[in-house]
Structure formats: structure tokens, C-alpha cells
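>>> Have a look at this prediction, sequence included:
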Amino acid sequence: MIDGLEAFFDEKHRGVAASLADFASGPMSAFASAHDDAEARRQTPQAIRLMGEAGWLGEQDSRTLCMFRESVAAVSSLADAVFAIQGLATVPLRLSGYAGPWLERAVSGTCVGGFAMTEPEAGSDVANLQTMARAHGDGYLLNGHKWLISNAGIADFYIVFARFEGAEGSRGIGAFLVDQGVIFAGPQVLSAPHPLGRLEFHDCPALLLDREGFKLGMRTLDTMRVSVAAAACGMAGRALREAIAHARTRRQFGQALSDFQLIQAKLAQMAIALETSRLLTYRAAWQRDQGQLRNTREVAMAKAHATEQAQFVIDQSMQILGGRGMLADNPVEHLYRAVRALRIYEGTTEVQYLIIAKGLLSDGF
């Protein structure tokens with residue numbers, strides 16, 4: 001995992017890489033293929049418990065975070081997503097200075113967290129949130145609904161973003177902790193099984209974490225976004241390995257597929273796409289670990305490039321595998337369905353392009 005990227009790593013990361021290889025191929029391999037939404041919902045708490053017991057849910061540096069997602073995403077897209085959502089739920093607790101029991105429980109893997117920001121009219125346009133927060137006694141009551149929320153219906157607590165009553169714009173959004181009274185309004189089934197769904201709030205009691213919820217949410221996404229690029233690299237790497245193995249052993253017209261120059265060209269293009277993605281990803285992660293927390297442009301480059309190129313690599317892998325790659329029990333078929341979401345969540349590719357262009361126009365190149 002580190003070979004060729006030594007400039008971005010410290011010696012401790014070699015030990016992390018070895019431990020991750022064993023963890024991914026061992027415990028996480030049990031979650032390689034959830035067949036439907038119900039199975040994904042059963043497996044999610046199990047995966048979180050195993051991650052917590054192994055100590056992977058605690059606070060990690062950006063490079064370790066990326067190494068984890070690259071390793072696990074190559075084995076199980078569900079386990080990778082589970083890890084990411086648990087991170088989205090715990091990072092706001094840390095950043096806000098929360099001192100209650102949920103953070104310790106989430107890190108130990110004994111509970112499931114959720115991150116509830118998206119609404120039907122507020123996807124990329126987060127400032128358009130319509131869920132309302134009304135002061136009530138020492139806390140708040142929430143009214144509204146969320147959708148496309150990971151771990152909806154199975155989370156023990158949610159980080160919820162809502163607008164203060166009468167407030168407008170992004171400055172009027174707060175971040176809240178909700179651990180009771182949430183209504184699970186039903187699942188939203190993805191092509192690649194993942195516990196997703198709708199939530200409703202009817203005078204739902206909530207604890208205010210941060211009055212500047214929009215900033216907290218963006219800081220959380222900044223922390224986790226570079227790891228989305230790493231997950232894309234993990235999926236692309238698995239697809240490339242599957243394509244190489246097939247090309248070496250599959251014979252057509254009296255020779256191995258790997259003897260055909262067109263196949264060789266595809267493999268070369270896939271390798272270039274993957275390696276450039278990994279370089280961008282671990283550069284951005286290294287920068288954050290050096291204290292460069294305003295590297296938004298570099299993170300956006302990594303996220304946009306890695307997710308788009310992962311889609312390309314996996315598509316080319318399926319083309320090389322032919323009909324076999326389309327069978328439901330083939331790992332490339334699962335990757336083909338799973339990778340598509342990475343180009344959308346935590347900031348679409350188009351939003352990343354806007355971030356990059358804004359940086360170029362304001363700071364130059």
C-alpha cells in the first residue's frame with residue numbers, strides 16, 4: 001500500500017499497513033456482499049462492533065484514515081461505508097467538545113451513529129435546509145424531515161442539522177444531537193445494498209452541539225472527504241487486480257487475453273488512473289497531517305479525480321472480464337454498482353470542480 005508513496009508516510013504507517021491488510025482480509029471479508037437492504041441493516045452493527053473492538057474507530061491521522069478506507073473498500077463497500085458514516089457521526093462530537101457518553105460508545109463500536117444533513121431540497125445546497133429547531137426549556141425541538149440518510153432506522157443517535165426558527169441563510173443553521181423521538185419513515189434502497197432511508201422529526205427533542213452548525217458540518221466533511229478518494233482507490237485497485245488475473249488466465253483465439261495489445265493498453269490506462277489518484281489522495285492527507293487544514297483545493301482535486309477515475313477503472317475491468325464481470329456473484333459487478341455513489345456523496349464532482357476553480361481564481365496556480 002505504501003510502496004511508491006514513501007514520501008507521504010512515516011515509519012509508523014508501515015505497521016498500520018500490515019495490520020490493515022490482516023484486518024481487511026480477515027474480519028471485514030465477512031461483509032463482502034450484502035445481498036439486499038435487510039442484510040445490510042443486519043450487518044452494519046456487526047461491522048461497527050468489529051471495527052471498534054480492533055480500535056479503528058478512534059481518532060486517526062488523515063493518512064491512517066485513508067489507508068483504512070482504501071484497504072477495506074477493496075474488500076467490502078458496505079464495511080467502508082459503515083466506517084465512513086461512523087466517522088461523520090463522531091467527528092462533530094469531537095469538534096464541538098461534546099462530553100457525553102455517545103462519543104465513547106461510538107468509538108468502542110457499541111452503538112451506531114448517523115449524520116442527518118440532506119433533505120429533498122437541500123443536497124449540495126446545504127444552506128437551503130428546511131428542518132426547523134425551536135427553543136424549548138434547556139433544549140430544542142426539531143420539526144422537519146431528512147432523506148438519503150445512511151444508517152436511518154438503525155442508528156442509536158444522529159447528528160442533525162436544522163435551521164433555528166426565524167433564522168435565514170447558512171448562519172442560521174445549528175448542529176444537534178438527537179438520540180430519541182426520531183421517526184424512521186422508510187428505507188431508500190440503493191443498487192448496492194446500504195442502509196439508507198428517510199427520517200421525520202415531530203417536536204423531536206434535541207441537544208444543541210454548535211450554534212454555527214453549517215461551519216461544523218463543513219469542517220466535518222473536510223475531515224472525511226479526502227478519505228472518499230481513498231475508498232475510490234481501494235475499489236479501483238481491486239478492479240484492476242481482478243482484470244489482471246482474468247487477462248492472464250482467460251484464453252481467446254488461441255492465446256491469453258493479456259497477449260492482446262488492446263488489453264495491455266487498457267491495463268496500462270487503468271494503472272495510470274489509479275496511481276495518479278493515489279498520489280493526489282495521499283498528498284492531500286499528508287498536508288492535513290502537517291497542519292495544512294486549509295488544503296480544500298487539494299482535497300477537492302483528490303476527491304474529484306479519484307472517484308471519476310475509479311468509475312473508469314471498474315468499467316474497463318468489467319469490459320475485460322466480459323460476461324463474467326456482469327454476474328451477480330462477481331466482485332467487479334458489485335464494485336460497478338458501489339462506486340457510482342462516491343461521485344455524489346460528500347460533495348459531487350461538479351461541486352469539487354467549483355471549489356478547485358474558486359481556489360485557482362483567488363490564489364492562482
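It's in.
>>> Give me the spatial nearest neighbour of Arg288, chain neighbours excluded.
Ser62 (4.1 Å; C-beta to C-beta, 6 or more residues apart in numbering). (Each C-beta comes from the backbone N, C-alpha and C, glycine too.)
>>> per-residue pLDDT, the one you found?
Ser62 carries a pLDDT value of 96.
>>> Phi and psi next, for it.
Phi and psi for Ser62, reported as degrees, to the nearest 10, are phi -60, psi -40.
>>> Same question for Ile159.
Residue torsions, per degrees, to the nearest 10, at Ile159 are phi -90, psi 110.
>>> Sheet-wise, list the partners of the longest strand along the chain with their directions.
The longest strand of the chain (DSSP state E) is strand 196-210. Its sheet considered, strand 196-210 pairs with strand 139-150 (antiparallel), strand 173-178 (antiparallel), strand 183-187 (antiparallel) by DSSP bridges.
>>> Burial check on the residue nearest to Arg288, number of neighbours?
24 (other C-beta atoms under 10 Å).
>>> Going by residue numbers, what spans are helices in this structure?
Taking DSSP state H as the criterion, the chain carries its helices at 12-25, 37-53, 62-73, 77-96, 101-108, 213-249, 261-289, 296-321, 331-338, 349-363.
>>> highest average neighbour count across those?
A comparison of these by mean neighbour count, using mean count of other C-beta atoms under 10 Å, puts helix 62-73 on top with a mean of 27.
>>> any idea how far that one is from the chain center?
Mean C-alpha position of helix 62-73 versus that of the full chain (C-alpha atoms, centre = their mean, to the nearest Å) differs by 10 Å.
>>> Same question for stretch 116-136.
With C-alpha atoms, centre = their mean as the basis, stretch 116-136 stands 21 Å off its chain's centre.
>>> With stretch 186-196 instead?
15 Å.
>>> same question, stretch 159-170
Centre to centre, stretch against its chain (C-alpha atoms, centre = their mean), the figure for stretch 159-170 is 25 Å.
>>> Check the separation of the first and last residues in it.
One end of stretch 159-170 to the other measures 17 Å (C-alpha to C-alpha, to the nearest Å).
>>> again, but for stretch 105-117
Span of stretch 105-117 from end to end, C-alpha to C-alpha: 22 Å.
>>> next one: stretch 2-11
Stretch 2-11: ends 10 Å apart by C-alpha to C-alpha.
>>> Please identify the buried residues of that stretch?
5, 8-9 (16 or more other C-beta atoms under 10 Å).
>>> Check what contacts it and list those residues.
13-14, 17, 63, 275, 278-279, 282-283, 285-286 (C-beta atoms under 8 Å, 6 or more residues apart in numbering).
>>> what's the angle from the longest strand of the chain to helix 101-108?
130 degrees (axes from the mean of the first three to the mean of the last three C-alpha atoms, to 10 degrees).
>>> and strand 196-210, C-alpha only, in CSV?
The C-alpha coordinates for strand 196-210 follow below in CSV (Å, rounded to 0.1, in the frame of the first residue of the first chain):
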residue,chain,number,x,y,z
LEU,A,196,-30.3,4.4,3.6
GLY,A,197,-33.6,6.0,4.4
ARG,A,198,-35.9,8.9,5.4
LEU,A,199,-36.3,10.4,8.8
GLU,A,200,-39.1,12.6,10.3
PHE,A,201,-39.0,14.9,13.3
HIS,A,202,-42.2,15.9,15.1
ASP,A,203,-41.3,18.0,18.1
CYS,A,204,-38.3,15.8,18.5
PRO,A,205,-36.1,16.7,21.5
ALA,A,206,-32.5,17.7,20.6
LEU,A,207,-29.3,18.8,22.3
LEU,A,208,-27.5,21.7,20.7
LEU,A,209,-23.9,20.9,19.8
ASP,A,210,-23.0,24.1,18.0
